[in-house]
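>>> take a look and give me a structure for this.
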Amino acid sequence: KQYEVECESQPGSHDSWQDLGKPEDDGRPPWTIKEFMAPSLGEAMAKLIKPAGADENPDLEVAWIRALGKHGSVRMVEQILEAKGTVKLMAEEIFACAKRTTEGVAVTGAALNDKFAAGAGFDMVF
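Residues are numbered from 1 along each chain as shown. All right, here's what the predicted structure looks like:
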């Protein structure tokens with residue numbers, strides 16, 4: 001299979017990449033974007049919605065989330081996220097995660113998993 005990805009840096013052009021097919025079974029689950037980016041994006045999102053004063057009083061976090069669940073709305077969350085420039089911040093974090101995959105050679109999901117497991121000193125668990 002061949003996939004085309006349009007790059008913003010070169011409007012109208014397409015970079016191509018080949019589906020590498022099924023990686024060798026090394027006993028570990030396959031590398032996924034979700035598992036790779038979840039910690040970074042979760043951390044970024046938590047910082048965006050963390051209530052003022054929570055650093056000094058961590059109980060405020062659970063109280064705020066419970067109040068949101070009881071008295072808030074999707075629209076309220078949208079307004080908070082819009083006010084904090086969430087789309088830009090998430091785009092920056094996603095791009096930073098993507099850039100980390102280019103630091104060194106790793107051509108398969110297994111190789112990426114090995115690369116980041118070696119750097120972090122642990123295996124990614126899916």
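>>> tell me which residues in the lengthiest helix in the chain are buried?
In the chain, with assignment by DSSP state H, the single longest helix is helix 33-49. Within helix 33-49, the residues that count as buried by 16 or more other C-beta atoms under 10 Å are Phe36, Met37, Leu41, Ala44, Ile49. Where C-beta positions appear, they are placed from N, C-alpha and C, glycine not excepted.
>>> tell me what that helix is packed against?
Judged by 3 or more C-beta pairs under 8 Å, 6 or more residues apart in numbering; DSSP states H and E, helix 33-49 is in contact with helix 74-83, helix 86-100.
>>> point out where this structure drops to low pLDDT.
Applying pLDDT under 70 to the chain flags the ranges 1-25, 104-126.
>>> next one: Cys97 from Lys88, what distance?
Applying C-beta to C-beta, to the nearest Å, the value for Cys97 to Lys88 is 15 Å.
>>> quick one: which of the two has more around it?
Cys97 (16 against 9; other C-beta atoms under 10 Å).
>>> what's the angle from whichever strand or helix holds Ala63 to helix 33-49?
Using DSSP states H and E, Ala63 maps to helix 59-71. Per axes from the mean of the first three to the mean of the last three C-alpha atoms, to 10 degrees, the angle that helix 59-71 makes with helix 33-49 is 100 degrees.
>>> so what touches helix 59-71?
Residues outside helix 59-71 that contact it (C-beta atoms under 8 Å, 6 or more residues apart in numbering): Lys50, Pro51, Gly53, Ala54, Met76, Val77.
>>> just the buried members of these?
Ala54.
>>> which among the contacts of helix 59-71 gets closest to Thr102?
Distance ranking of the contacts of helix 59-71 against Thr102, using C-beta to C-beta, places Lys50 first at 30.5 Å.
>>> nearest to Thr102 among the buried residues of helix 33-49?
If you rank those by distance to Thr102 using C-beta to C-beta, Phe36 comes first, at 12.9 Å.
>>> with adjacent residues omitted, what lies nearest to that closest one?
Cys97 (6.4 Å; C-beta to C-beta, 6 or more residues apart in numbering).
>>> in a markdown table: the buried residues of helix 33-49, plus distance to Gly72.
A markdown table is the format used below for the buried residues of helix 33-49 (distance: C-beta to C-beta, whole Å):
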| residue | distance to Gly72 |
| --- | --- |
| Phe36 | 30 |
| Met37 | 26 |
| Leu41 | 21 |
| Ala44 | 20 |
| Ile49 | 11 |
